[in-house]
Each structure stands twice: as C-alpha cells, then as structure tokens.
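Q: Everything below, folded, please.
(6 chains)
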Number of protein chains: 6
Amino acid sequence: MEYKPLSGREFPRFSGIKTFFRMPHVAADADYDVALVGVPYDGAVSYRPGCRFGPSKVREASSLGRGFHWNRGVNIFENTKFADIGDCPVVPIDQEQTYQKIEKFFSGILSSNKKFIAVGGDHSTTLPLLRSLKKQYGQKLNLIHFDAHLDTYPAAWGCEYHHGAFVRHAVNEGLINCENSIQIGLRGPLASGADLDFVNKHKIKATTVDDIRINGLEAFLKDLPTFNDGPTYISFDIDCLDPSYAPGTGTPVPGGLTTYETQRILRALKIKNLVGADIVEVSPPFDSSEITCLAAVDTMFELMCLIK
Amino acid sequence: MEYKPLSGREFPRFSGIKTFFRMPHVAADADYDVALVGVPYDGAVSYRPGCRFGPSKVREASSLGRGFHWNRGVNIFENTKFADIGDCPVVPIDQEQTYQKIEKFFSGILSSNKKFIAVGGDHSTTLPLLRSLKKQYGQKLNLIHFDAHLDTYPAAWGCEYHHGAFVRHAVNEGLINCENSIQIGLRGPLASGADLDFVNKHKIKATTVDDIRINGLEAFLKDLPTFNDGPTYISFDIDCLDPSYAPGTGTPVPGGLTTYETQRILRALKIKNLVGADIVEVSPPFDSSEITCLAAVDTMFELMCLIK
Amino acid sequence: MEYKPLSGREFPRFSGIKTFFRMPHVAADADYDVALVGVPYDGAVSYRPGCRFGPSKVREASSLGRGFHWNRGVNIFENTKFADIGDCPVVPIDQEQTYQKIEKFFSGILSSNKKFIAVGGDHSTTLPLLRSLKKQYGQKLNLIHFDAHLDTYPAAWGCEYHHGAFVRHAVNEGLINCENSIQIGLRGPLASGADLDFVNKHKIKATTVDDIRINGLEAFLKDLPTFNDGPTYISFDIDCLDPSYAPGTGTPVPGGLTTYETQRILRALKIKNLVGADIVEVSPPFDSSEITCLAAVDTMFELMCLIK
Amino acid sequence: MEYKPLSGREFPRFSGIKTFFRMPHVAADADYDVALVGVPYDGAVSYRPGCRFGPSKVREASSLGRGFHWNRGVNIFENTKFADIGDCPVVPIDQEQTYQKIEKFFSGILSSNKKFIAVGGDHSTTLPLLRSLKKQYGQKLNLIHFDAHLDTYPAAWGCEYHHGAFVRHAVNEGLINCENSIQIGLRGPLASGADLDFVNKHKIKATTVDDIRINGLEAFLKDLPTFNDGPTYISFDIDCLDPSYAPGTGTPVPGGLTTYETQRILRALKIKNLVGADIVEVSPPFDSSEITCLAAVDTMFELMCLIK
Amino acid sequence: MEYKPLSGREFPRFSGIKTFFRMPHVAADADYDVALVGVPYDGAVSYRPGCRFGPSKVREASSLGRGFHWNRGVNIFENTKFADIGDCPVVPIDQEQTYQKIEKFFSGILSSNKKFIAVGGDHSTTLPLLRSLKKQYGQKLNLIHFDAHLDTYPAAWGCEYHHGAFVRHAVNEGLINCENSIQIGLRGPLASGADLDFVNKHKIKATTVDDIRINGLEAFLKDLPTFNDGPTYISFDIDCLDPSYAPGTGTPVPGGLTTYETQRILRALKIKNLVGADIVEVSPPFDSSEITCLAAVDTMFELMCLIK
Amino acid sequence: MEYKPLSGREFPRFSGIKTFFRMPHVAADADYDVALVGVPYDGAVSYRPGCRFGPSKVREASSLGRGFHWNRGVNIFENTKFADIGDCPVVPIDQEQTYQKIEKFFSGILSSNKKFIAVGGDHSTTLPLLRSLKKQYGQKLNLIHFDAHLDTYPAAWGCEYHHGAFVRHAVNEGLINCENSIQIGLRGPLASGADLDFVNKHKIKATTVDDIRINGLEAFLKDLPTFNDGPTYISFDIDCLDPSYAPGTGTPVPGGLTTYETQRILRALKIKNLVGADIVEVSPPFDSSEITCLAAVDTMFELMCLIK
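A: Next up, the predicted model:
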C-alpha cells in the first residue's frame, strides 16, 4: 500500500471519490502512521447545528490540498503515512453511546501506536478523544486549544457535556496538564465575570486576540511556550477564526483571528510529541463559498506537518 | 386583551417583533383559545438538522399571513382567539428531558381546555404531544398524517425515538385510533418491503402520491374519510411536499405533493373536533428564499381554519 | 440598423454587454417597433424590496433567449423590430417624481406609434404606464392581469399608490375597460372579505387558481374571453406563479401557477391589438438560481409573440 | 465482496466516505454487474459550467438513497451487484483527449459484460459512451432521451462536439436506431424552425411537454413505445425537468417536467435490454438546497431498477 | 419588571420570541433606561435596498449576545435597564411621513429621560433622530460617525434626504457640533474632489482607514479626542467595515475596517454623556451566513457598554 | 463622443445597461485611450469553473464605481478616455481557437496605440495578451504579477496551457523581462519543492504574504522595485486575496492578502509606462454577496489610475 495522494496533475482535483487530502481510504487497522478521521456528531451544539456534515465537506474541500510546506521546506507525504479511515461511528440522538463509541474507536487506533487528526463534529467530541489518549499514554496531556470560547462553562439545561465544557471536564477528570496548556484566540463577551474563575484557578494560560494584536503577532510567537515534555494535543475550534474567515460554525464571535495568524502560530509551535489533534465546529450548512471548509483544510495541513 | 393581528395596512409587515401571524405574545396561561407555539427540538434527525430554527423562521415568514379564507369565506381572527405563547422548553442534547418538558408544557395548555398548533422541530416531537392529548381526552386520537415517510420505522442506532418512528410508538402506546387514521403524501423508495408491514397490520389508511395523481385530485378529495367521532389530530411533516416546494427539510423525497394539493386536501377535510396539530421538519438552514417557511405558514393558516 | 439578436451560435451566450434578448441597445427615438425597457422602481413595495434590480437581472438571464416559438411556428425576430432602449428614469425616494418620469418617458415612445414591453420594478409602476396609454389611444384599455393579488386594495399607511392598488386606481381614473378585463392566478388568503367588493362591483372577471385546476387547464383556455375591440394591455405580476417557480418576488403566495400554465394561457389568448405589456415584481435578491428571472424571460418571449 | 449499501439504520447517512448509494468503491475490473461511475467533464457547455462537480455532489446526495421500490415491489440491491467504480479520467481543457479516455474506459467496462450508469458531466459526454456501446454490441442502440433540447444542433463557434449536438452525431455515426428512439420533455423556444428538420428527417419520435400535459400523463404512458429489440440506452438530461425541480443545470428552460412525471415515465418504460444509461448536466454550483442533485439520485434509482 | 435577558444556560438561544439581546419586549413608555429599537425604513437607499429587514434580523442574531465585557470587566445588564420597545412606525413609500413619525416617536422616548440605541434602516433615518435629540437637549450634539462615506453629498435626483446626506443636513440645521465631531473609517473612491469641501469647511475631523493602518491602531486610539462636554451621539454605518466583514449593506466599499478595529475604537472612546446611538445600513438580503448581523450585534454590545 | 460615466447622482446606479464603470459601450476601433474589455474564457481551469461570467458580473458591480481617487487626488475620468468595448470573442470548448482570437483582438486594439484593462476569464488568457503586447512593443515586458500561485507549473493531463502555467510560457517565449518582474501574494502549500526552481532559475522576484506581514506593509512598500524602463504589465489574479475577501475564484488559498494591502501596493507602484493589465479568476458562481466582484472593481479602479 502506498500512502500518497492522488495527483492533481494527473487526475483533476474535482474528480474521484472524496477522501481527506485525496489519500487512500483504508481500514482502521491498516499500517498507516496517522489516521485522518471524521467524527460527525453535532448533538451537543447550543445554537447552530450542522457540523455533522463537517467531515464530508472538509473531505471535499481537501481535494485542493497539496503536500509541500513552503516555510518548512518539507513534503508531508514523504515521511509519514497518512490515511483516511472514514468516520468514527456516532449516534446522533444519544451522546452517551456516542462517547463510548468514540472512546473505543480511538483507543483502537492508539493501541497500535498510531496518531490521529480528527475532524468534527462539535467540541463535545474532544472529551472522549482525550480520555482515550490519557488511557493510552498513562499521563496527562499538554493541551493547545484554539477557540473563541473558554469551554469551561457549567452545565446547561441540566446537561454536563454540551459543546462548551470539554476543558472543564478534561481538567476535572485529570486528562490535561494545566500548567503546560494554552488557549489561543479567546475573546468576549462572556456570560459573566465568573466565567474566568476556572482557568484562573487552574492556571491555564488563556490568551486573547488582544494578546496577539496589541503587541503584534511576532511578539506573541516569541512568547509561545514550548511543549517538550509529555504527549501534546491540539484542539482547533474553527471559531477561533473571525466569522469573516469561518462563517460556517455553531457560535461565531466577531473580532477573531485571521487564517494567516493561525498559520503562523501553528508554524511557531515547538512540540516534541504531538499525539493527536482535532478540528471541530465546522458547520457546512452555514458556510459560504466553502471558505470555512478551506480554512479547516489549511489548518489540517499545518497539523499534518506538526504530527509527523 | 384583544386577539387580533397587527395590521399590515397600518404597520408594514417587515416591522415589529416577530410572532406567529403577528398575534399577541402572551403567557401560556392567558385566555386565548388556540395556542400557536414552537417546539424547537431537532435532536432526533437522521440526516440534516436545523429544524430547531423552524419556529423562529416560520414566525418571521408569517408576517405575510392574512386572515380571510377566500374559499371558506371566513376570517380566522373573528371567532377564535389565537395567541403566540412562545416556545416550549427543550434540551437540545437530551431527548428524554425534552419529551418530559414537551408533555408537561402541552398538558398545561390542554388542561384549561385550549387547543394548539405546534411548529417543530423534528417529527420525534409529535409523540409527547400525542401523549399529552391522550391523557387529556382519555381516548385515542384520529390521526391525519401528511408525510413522505411512514414514520413506522424500527429503532436506529439503538434509539427508539428517532424522527421516523412516532407513528409506530403512537400505535403501540395506544395513542391513536388506527381505523380512523390516514397518511397522505407517502412515496418511496423504502428501505425494504417490510416497511409496509406495520401500517398493513394496523390497518392505517396509507395513501400515496399516486393515489392523488392517477385518478386526479378531485376524486381523491371525494374519497377522503370523515372524522366525526372523537378527537382528531393533524401532523403535517413539511416533507410531504416536493423538494421544489419545500427544500428546507431534513430528509427530502422527490415526487412529492404541491402546496396546491395540500391546500385542497386540508380544505376538503371534514373534522368535527380538531384538538391539535403540528407542522414539523421545517429546516431553515436548508431552505431557499424562505419558500419552505412560506409553505409552512400557508399550511398553518389552513389548520387555523380547521381548528376553530 | 438591423434588429437581430447576437447569435449564440457565433458568440457564446455568457459573453457580451447584457441587453434584453441580446437585442441592440438603441436610443428611445430609434426606428424599432417594440421597445424592451426597464422600469427599476421598487419604492412602493410593502414587504421585500429588490425589484429595482429586476431589469438588470432579467437582461442577464435573457441571454438564454431564443426566437422561434415551436407551437406558433414563428420567429419573433423576423417581422418585428425589437430593441432594448435601456431603463426609464426613476427616483428611488420619490414616487411622485417617478410617476411623472414614467408617464413622460412612455408617452414619448407611444407618440411615435411604438409599443413596449416593460420590465419592473414593482406593480405601482403599471399605473403611469396605463395613464400614458390611455392618453395616447384616447380610450380605455382591456386589461389582462396575471397576479396572485387583486391589486384593488385600499391605501396603506396613508399612501394611495402602493404596489397593491394599481387596478383600483386604473378603474377609478377610467383607464381600463372592466368588462373586457380579466385577472388570472388570484388566490387567498385575503385581508378581509371586503377585498372582493371592488372587482365584484366593477364586474372584473377575477379568476383563481381553482378556476384553472378544478376543471383543468384545457377547459379554462377554452373559456378565455377574446380581446378584439380596443387596445389591450397585459400586466404580468411574477407572483401569479407559485413561489417554487418564482421565489424572487416581494409578496409570494403559495398555491400558485406553474410556468407551463402561464405559457399555455399566454398562447391561448386572442388579442387583436396588444399595445403594451409589463412584467413586474421580479426581486433578484430573493431569487434562487435565477429561476424567477428565467420565468420572466420566458414570459417576455410569449409577450413578444403576442405584441407583434 | 458483498455489494450492499452501508445501512442508514446502523450508520447515520451523514457519515462515511461518499460513494453512489453508499455502495462499495471498487476497481473498474471487480466482479460487479453494474458500474455506477462519474464522468466529470464540462468543457462543452455553452452557458453555465459546473457539471464537473456533478458526480461528487450526486454521490453525496445519494446518501439518502434507499433500495426498495414501492411500485415495483423489488429491492434493487437484492439481485444486482451495483458498485461505485469512481470517476472516468477526463481532461478539462481538451475534449479530444477526454473523448478518447471515456471511450476507452467504458469499453473496458463493457468488454467484461457489465453495464453502467454514468453521472455527468455535460451532454457532450454521451457520444463517446454510445460509441463504446456500439462497438461492444455491434448494433445500433435504441435511444430514450430525456431533455428540454433536441441536441441535434449544428456546430457552434466552429466546434462540432458541444453539449447540444450528441444526437446529431450519434445518428450520423450510425450509433442509434432512429425508428426505435424517443425524445421526452422537449420544449421551445428554438433558435429557428430549421432546428426540427433533423429529427423529422430521421423520424425520431420527438415528444414535448404538451404531449404529456394536454391529454394527460396516463394517456402518454399508454402510448409509450416498447423496446424489445436490441440494446437500449437512456440518456437523462436533468434539464428535461423544470427549473423549479432542477435549477442546477447549464441551460435551464421553463415549462418543464416534474419529478413525478419522469418517475412515472421511467416506471412505465418496457425495456428488454437496457445496457447503459447516463444522467447529465447536473451543475451543483447553480443548484439550490441540493434539489437538483436529489432529482438526479431519484432518477438514478429508477434507472437502477430498469437496468437489472 | 426585571430587565434581564433570557438565559441561554436555561433556555437554548435558538428558542423563544426574538427581541434584541433576549431582553423583555415592553411598551415605549415603560420604566427602562435605554430603549433598543428598530427603525425599518430603507426608502432612501441609492443602490441595494433591504435594510428594512435590519431590525428583524439583528434581533435574531442577538440571541447569541452575552452581557459581560471581558476588557471592561462589567456586565451591561447589571446597572442599566435595557428593553426592546419594538420598531418605530415608518411608511416605506413616504419619507416625509417617516421622518415625522421617527422624530415624534423618539421625542417621546427622550422626553422621559431615556436613551436609545436604534437599529436601522438606512442612514437617512439618523437625521430625524438627531433632530429629536437636539430638541430634547437644547444643544448641539457631538457626533462620532463610523462610515465608509462622508454622508455630506449633495441632493440626488432632486432629493435632499437620500442616505448619503445626513451629515450635511445635520450641520446645516445646527444639530451637531462640528469641532467635537469625528468620522472614522472613511475611504475612497469619491465622486469628485469637491466631496471633501464640506468637511473641510466645517472642520469635521474626517479620518480614514489609512489613519488607522499606517501608524497602527494603537497610535490611532491614543489620538482619539475625548467627549466630555455636551451630549454625544454615535452613528455606526455598518459599511465602515470591509465587505468581507459586512457584505450585507447597501453600498459596500472594499478596503474597510475589521470588527476588531471597530471594537477597539469603541472601547477606547471616552464619552461622558452618550445620549443615543444607531447602527444603520444592515441589509440582510445581501448578507451571507449572518455575519453582517453578527457584526451589528457585537457593535450594539459595545454601544450598550458606552451608553450605561 | 464624451467618455464620461453615467452619473449616479442623476441616474440611480441600479439602473441602465451594465458597462464597466458605466462608461460608454463603443466599438473596438473607436477613439478611446484605454479599453475596458472582457475575456470570458474559463476552459483551462483546474478546479472550479465559472469565471466566464466574470466580465458580466464585474460590469454589474462596477455600477458602484466612482472616479476620484482620494489619496492620489485625481479623477480618472478627467484626462483619460476609458471605454467599454464589450467582450473579446472566445470559444469555450477550444483553447487554441480562443488563443488566436484573443491575440488577434488585442493586437487590433494595441495597433492603434491604445491600452487595455482586461477582465477574465481564467489565468490562461494572460498568455495571448502578453504575446500581442510583445509583438506590438517589440520588447519584453516587465510583469507585476499578483497571485497566490507561481503559475510556473508544468503541463497537466498532457496540456501545456492550463490556468497555472502562463508565467512559465511567458518566460520561455521571451515575453517578459524576468529581472524586472515581481510576484506578490504568493503562499503555500505547493505540490513540491521543485515548484520553486523555475522562479529561482529565472530570478523572478517571488514575494510572499510573509514578506508583507512580518516586517509590515510600509516596509514592503518601500522595498518595491520601480518600473521605469520598458513597457510594464500588471496581471492581477484575484486569488492573491484571501478567500474571505475573494471567495469567488477557482482555486482559493487561505492566508492571503486583504484588499487594503493590494490597494496600498497598487498605489505605491512606480510605473512609467503601464501598457496593459488584467484581472482574472473572478468566478461569480462561487462568490458570496458579490464581494469578489467588488474587490475586482476596486482593483480595476486602481489600475485605471496607473494606466493613465
């Protein structure tokens, strides 16, 4: 099995069965290094649903994907075997079943020493991913979390596991290493000042758009922490981007990041062992001209460079 | 309190707070006759979600609504007090809680001898509505069910209460009177021939688009049963309409009805005691130019004539 | 000057400056027979504006127009000189000025024995067109009026000349011959039963969608009156069509006509002297996939056959 | 290899890699009976391009596909092995290369006694399909051609093989049996009366929308010829449908068929040996709410019943 | 009466009757502090209409609104009573009547010592708002004017009060204090160099996008004037934003501001007595994915902080 | 003949026949100085087609165009005679014919000492434009090339002249002066590292988005080369802009330029003799809210200033 994308120079990019980056579609237990995988669950969304179509539409947009990173000078397809293993099973009506299925499916991938990049789905799906990673690695993960929202919010409508609470649960369940974690792209408004108590208490480095813009991006990049110890995870909520760059999402917030900024941040990150990553909250029914999907594909490319 | 719509001749229809048919927004326990009410739950949808936005967008489109029915020669606002009582509380992540809240909320309405027209939401919300009606009236309901689908399908992904199963549950729970029930607008394809076993066994009159088109609409109208005994309920799944008339729905099926046909059928129905009705599966994110919402508003108008 | 359309067989239809049916753009006083002309005023709309863009978008869609009518066996470009004379001047903020400009502009066209097909603009623009025709011909016009609405409604918000009142004014000003006039495509709901008083009083033949559907289209066609005496005018409000055929309009009404039905009616009309016609209420911002504009173009083609 | 679709009752229909009808994606030389295959070439379109995305978007919409035909009482997946073999190679810039690739690719399929249903792509792609069939079967094909257009038009801009000429070439190259061929859904306007000369000369049964509507659909169905002798081919140009049913196409024509009508016609056809079929001119960039793609999927289902 | 928004943590944000920021809908004479109010008039627009739907769609988008401002550390709902008082009456066809109604309606609000944030409507509606404020306060207002355009343009088509002239009239009528006024977000092209004469003559501080970008946003913020004396008004034309951030507007101009920039400017303003504000020119029919409405909501939130 | 645009102050900008910047439509051999001309060919696109509609939709959006450049202090219509000469003839199916027609058509314009600004069409159309310029001027051109892509890519699918190869051909055919040429807006990903060999070998100054953002725009502008010797050409591929600013294009790439940046670069360019320019790859079917077309119009305005 050769893990190379179908070439656009031979086969036009609008043709063919749509897989992530035109990579081979293989079984979950094939001999790839990194799984590209969809998690099409959107049952925990508080406003606009639709990210159940995220994996399908990101696959389609990724037909435009290419492999050589100009700044890094590397071709992601040369030393790493990426594969599309399809979608993780989910149950749209039942979050509990879905959580079990996700945790089991990803534990299967991880148990054979593979890594993954997951495409959501809403942000509630990150929690079972982190659970499976914690179980596999036996230690807390460093979390690099791109988001407009803190995702430490309390239960809503009597439900703990809505799409804005995974960080709170991950901390409370001992899944992440707060001191080596960072949040990027945060911005208000908040529901109340108490929203900040959780990250303050747990000393999570919660950075805002102001932190990137007031002193400038280059300064922000220089101040980024390094992730040399322990397994690291990146969770990229597409709503860290401004609605003009990512309109197709569940709870958009004006005043957000540009794709250039997230590219530069992803390129500046020093991570010794990235063990998994996700891109969540891409809601195609609210996208326009596929630009949100394109932003997701571009982010996926940067993640593929980091996870090598 | 005067239950009259805001006049478009005085106040332009694009202005004002959006309520159903520009009727007053009142509390659930006010002295109206018929509640117009939203049920924005879409957690049980098998394909496209989005009908949680149904109530909000149908309210907006209903700004174009008028009160005088040309064929009937009556003004719906003259003898009946309609009111918008807002939306029933729901929990997007939790169907069980949602079912309890719906049943409780509607039982409250019914217990003071009121009627309702509900705007969904997905078709799984009809079941708790029927439960509350059965409880209130103490007898089975006649069901007039407009739909492309039978909604007698078995559990999916281990879940009983998905959006294609309410008829099966309603029959099994003894909520509806099968011999006095009819399905209108059905069409294939089906998953298998066994899909028809349930309606055949329970002798529900399952009519198809062919039944309307082959001998003609006028013949179909003449053959409609009458509903003189017992309380009657109408459940109108917008996907009974063809996708060209109602693109904004969760599981559209080509070859469907036109709005003219459903108007004529609704006008031809002889119902002695219509106690409630719903319009479900209007998914605005997939609508185009609001035509699905407009079809829902038009249907709502016909239902308001019938429920007097 | 040769009044022939640019050939699509030589020049692809997506290319070139957009004029109605790819006809030459000439000055209002050139030697054509029938002016194709825009009237981009939408200030009198009661709900959705946007038909100021009607002329521009109908021009574009008319690039697909062809000249030979299969049923009639004639090519409209062979014996009649059609020309695009651009748009009539209008003032978006000021209806009074606009009315004066329209009446003056069209009187200029008519005074040299020409005819016109106007593309609106909202339906309030038909009144000054009728005024200019009455002045030119010195007699009342027969009116063939396609519409979902009666357009005999009373003043709104203190304004007489909104887009739903031109028939009332035309009758009151003695511009049309009520006994030789017909309305086609009407349907409810109405604001009140009194809405019908005006047409009843003036004996305008107000036909509804039911009149076409219950006994069938062929019967309706046979019953159409003939228009042998006096000048005749056709006013085609695109909302006579169902919203599925013409979503891009200001006040859509479900249960409307199909394009096939309006084609057949237009083909069946016997008119000795059609002196002018309009197509109004095409609102491109609310259109989807240009289908409303295409329906307008198709109607325009039928009118071009009738006005020869 | 089991040729069964992924079950929507186990795996939600929004999930998974998108293939036609959720069938297995196999190599062109696998042991299926009927290939479902894309031909994403749109270089010969005269107005709107975009049908190169037809195969991809029809695959996606076909996730809603089911297998049991209510009227026929058969499940298409029971006795026939359908498979998605991906897309035929094409060259967007070069029609000559594309024609060669199509003819070669399909000859490969046919030479092992398989059949196919192709999803275009523009209508120029039908010609090389017919060439490969003629070569394989050694005799002319009966052609059942659904279209708004005759597709016998002369060369345009010096090019013979544009998307409105395949019938002319097929006749001239001796690929089809004119006396056993029929065109369905035709309508005007035409460029000139001479457009009809070709079908008249070659005695192709060219039927129009009027032929279906004036005497009624049931009468039309009774008059359909039977196709008992020789191999038969169905070419379904989605623009046979009205723009309200199929807005996403290259050259839409108002006054067209409904999906119900084409369903009924496809169900009424008596064909002894259907050897291939195509659905062409589905242009997703101009679609709205995917209804054109859904109409294509529905048609594909009917073709799958016929090709057993 | 408690002036608190409906909580999204209890009631999902997609549910309920849509009011600005989910605040109570009360009568104009209730005991709130600041009215949130729509002014749905768009009759004076020179290009794209549609902002008559601005209030309705901004209400809907404001369901996502929250109350705590991260940078300011305050919750807007704690010390100020905001209320949605519905829409001001307008007459779509008649600007003169509309101006009278607006002036009267807002004078009523102001006369009981209340403030307001108005959502337009086109920019011609700001003039009567300023008139009512001048009358109430008896002195000229400081104007902080965000816009791509100077809005000092001369009469058009014989009309003085089009949507690009309110500044000229406000100055000429003595409504604003030019020396304490500023324009932000201006950019070309202009119709002619003479367009600048008015602001130069009246010494209005007309700043451009260059003024913000060349030396950087932080420098611009430091140079902002303070507004300590007299009543101050903010008029925010959404087209100060770039079309990528606010596509849904009447006359978009590339090269505009980002939402981050306008957030920062609004946060940096030192205003002692903000007595009123408006957000105008939000045209939902031209919006995509609601991002213009979201930008309006975000701006409204900043204004609510300033008007406390 | 007066070469002035129709005034928006007299004639509303939504009215009238659509030409570029509302300039007169004249014959190619009229006495203008600079032709504004469409080249609606999109046959060489590798992913999304549709830019054949670029000229038509840019004409429409240019109705908002104005003539006075604030920064330059000049009115473009005062000293230069611009005219819309319609579209160059093209053959959608046949690139070879199209290339011949383009070269011939533009040679005709150039031979009478005129200049042009062309609106594509895809980027393959630039090559014949450069050929005609080289022939006319007898020397190589300086090329200022805005693009996300290098356009030096090798043949694809056996075709040399796809839309990503014009720079390679222009260099190989001796049409451009590499040392005096610059590429602006480039960014990855690339297909492979070898993609950079061509520009490196030929010493084309290939600048990236990083070159503009890391040290800041002002620094970049200061470092721009001057173009004092020989004829200069600007080719502006709209995809140099970020997808949020220009979604409507064939192969969008995240992380791109803003319209403000391209405005400033175009304003900073020192060019002695700009002999022609193009704006390509505007694909309206993929645009949203016309913002891509507006960006094209704005760029066209800057080019009109430079070409005086």
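
Q: When you work out contacts or count neighbours from here on, use the C-alpha atoms and nothing else.
A: Fine.

Q: What number of neighbouring residues does A:N113 come out with?
A: 12 (other Cα atoms under 10 Å in any protein chain shown).

Q: And the one 10 residues further on, by the same measure?
A: Taking other Cα under 10 Å as the neighbour definition, A:H123 ends up with a count of 30.

Q: now A:K270
A: 14.

Q: Who does it form a beta bridge with?
A: A:T226 (DSSP bridges).

Q: Tell me which residues touch A:P5, please.
A: The contact partners of A:P5, by Cα atoms under 8 Å, 6 or more residues apart in numbering or on different chains, come to A:F21, A:R22, A:M23, A:P24, A:F77.

Q: Run through the stretch 201-308 of chain A and note the low-pLDDT ranges.
A: Under the criterion pLDDT under 70, no range of the stretch 201-308 of chain A is flagged.

Q: In it, which residue sits closest to chain E?
A: Closest approach between the stretch 201-308 of chain A and chain E, counting by Cα to the nearest Cα: A:G255, at 4.3 Å.

Q: Run a quick check on that residue versus E:Y245, I expect a contact.
A: No: counting by Cα atoms under 8 Å, E:Y245 is not a contact partner of A:G255; they are 9.7 Å apart.

Q: where do the contact lists of the two overlap?
A: Contacts common to A:G255 and E:Y245, judged by Cα under 8 Å, 6+ apart, are E:T258, E:T259.

Q: Now render the contacts of A:P5 as a markdown table, adding pLDDT and secondary structure.
A: Formatted as a markdown table, these follow (pLDDT from 0 to 100; DSSP: H, G, I helix; E, B strand; the rest coil):
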| residue | pLDDT | secondary structure |
| --- | --- | --- |
| A:F21 | 98 | helix |
| A:R22 | 98 | helix |
| A:M23 | 98 | coil |
| A:P24 | 97 | coil |
| A:F77 | 97 | helix |
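
Q: Enumerate every residue touching A:A206.
A: Contacts of A:A206 (Cα under 8 Å, 6+ apart): A:L150, A:I182, A:Q183, A:I184, A:L186, A:V199.

Q: do A:K114 as well
A: A:Y32, A:D33, A:V34, A:A35.

Q: In terms of distance to chain B, which of those residues ranks first?
A: Out of the contacts of A:K114, the member with the shortest distance to chain B (by Cα to the nearest Cα) is A:A35, at 24.5 Å.

Q: Tell me the secondary structure of the nearest residue to that closest one once chain neighbours are set aside, please.
A: Excluding its sequence neighbours, the residue lying closest to A:A35 (Cα to Cα, 6 or more residues apart in numbering or on different chains) is A:F116, at 4.4 Å. Under DSSP: H, G, I helix; E, B strand; the rest coil, A:F116 falls in the strand class.

Q: Buried subset of the contacts of A:P5 as a PyMOL selection?
A: In PyMOL, this line selects whichever of those come out buried by 16 or more other Cα atoms under 10 Å in any protein chain shown:
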select buried, chain A and resi 21+22+23+24+77
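
Q: need the contact list for the residue nearest to A:A35.
A: A:V34, A:A35, A:L36, A:V37, A:I109, A:V275, A:G276, A:A277.

Q: Swap in 10 Å and give it another go.
A: Residues near A:F116 by Cα atoms under 10 Å, 6 or more residues apart in numbering or on different chains: A:33-37, A:82-85, A:106, A:109-110, A:129, A:274-278, A:304, A:307.

Q: Check A:T292 too.
A: A:T292 neighbours (Cα under 10 Å, 6+ apart): A:54, A:57-58, A:61, A:238-239, A:241, A:243-249, A:281-284, A:286, A:298, F:243-244, F:254.

Q: Do a quick rundown of the strands in the stretch 201-308 of chain A.
A: A:205-208, A:226-227, A:232-237, A:270-271, A:274-280 (DSSP state E, counting those that start in this stretch).

Q: swap that for the stretch 51-200 of chain A, please
A: A:68-69, A:74-75, A:82-87, A:115-120, A:142-146, A:182-186.

Q: so can I have JSON lines of these showing mean pLDDT?
A: Converted to JSON lines, these look like this (pLDDT from 0 to 100):
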{"stretch": "strand A:68-69", "mean pLDDT": "98"}
{"stretch": "strand A:74-75", "mean pLDDT": "96"}
{"stretch": "strand A:82-87", "mean pLDDT": "98"}
{"stretch": "strand A:115-120", "mean pLDDT": "98"}
{"stretch": "strand A:142-146", "mean pLDDT": "98"}
{"stretch": "strand A:182-186", "mean pLDDT": "98"}
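
Q: of those strands, which approaches D:T262 most closely?
A: strand A:82-87 (35.1 Å; Cα to Cα).

Q: other SSEs contacting that closest one?
A: Contact partners of strand A:82-87 among helices and strands, from 3 or more Cα pairs under 10 Å, 6 or more residues apart in numbering or on different chains; DSSP states H and E: strand A:34-39, helix A:54-61, strand A:115-120.

Q: in the first one, what's buried?
A: Pointing back at strand A:34-39 there. So, applying 16+ other Cα under 10 Å, buried residues of strand A:34-39: A:V34, A:A35, A:L36, A:V37, A:G38, A:V39.

Q: The residue nearest to A:S62 when sequence neighbours are not counted: what's it in contact with?
A: Spatial nearest neighbour of A:S62, excluding adjacent residues (Cα to Cα, 6+ apart): A:F21 at 4.9 Å. Residues near A:F21 by Cα under 10 Å, 6+ apart: A:4-6, A:36, A:58-67, A:82-84, A:297, A:300-301.

Q: follow-up on the earlier one: deepest in the core, which of the strands of the stretch 201-308 of chain A is it.
A: strand A:274-280 (a mean of 26; mean count of other Cα atoms under 10 Å in any protein chain shown).
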